[in-house]
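Participant: Got a predicted structure here, sequence first:
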Amino acid sequence: MEFNIEKKENYTLIQVLEEKLDTHIAPNLKSELVLISGNGEKNILLDLAKCHYCDSSGLSAILVANRLCKNANGTFVLVGLNEAVERLITISQLDTVLNIAETVDEAVGLITEETD
């Protein structure tokens, strides 16, 4: 199992259970994101706490999630980034575009702020 997906009241939490978000995992993640969005979910939390590596296909999946949530007038939040993944996002200047939280609770707070 590559992901754990939990549907909550006003968001869906996706936990990536693999250490690498790369070409082996990213296409499946994109498919899951499209399905979740297609089911009407507009707020998605992507928990990468177990991920220690992300490549360009992983970044692409993250951007797909962000776009799907934006198009649905929802909120996308990245959670639990480790140092290497956070550095990649900063170098890519995506830290200015994406919502990033340290914990799931903090991310839920961001979604609550957006919906109020």
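Facilitator: That came through, no problem. Numbering: from 1, shown residues only.
Participant: Name all residues that make contact with the most centrally placed residue in the chain.
Facilitator: For the chain, the residue nearest the mean C-alpha position is residue 46 (2.9 Å; Cα atoms, centre = their mean). Under the criterion of Cβ atoms under 8 Å, 6 or more residues apart in numbering, the contact partners of residue 46 comprise 14, 16, 62, 65, 76-79. The C-beta positions use only the backbone N, C-alpha and C, and glycine is treated the same way.
Participant: tell me the phi and psi of the residue nearest to residue 102 when sequence neighbours are not counted?
Facilitator: Nearest in space to residue 102, with sequence neighbours left out and distances taken as Cβ to Cβ, 6 or more residues apart in numbering, is residue 80 at 7.1 Å. Dihedral angles of residue 80 (phi, psi; degrees, to the nearest 10) stand at phi 70, psi 40.
Participant: Tell me how far residue 80 lies from residue 57.
Facilitator: As defined by Cβ to Cβ, to the nearest Å, residue 80 lies at a distance of 20 Å from residue 57.
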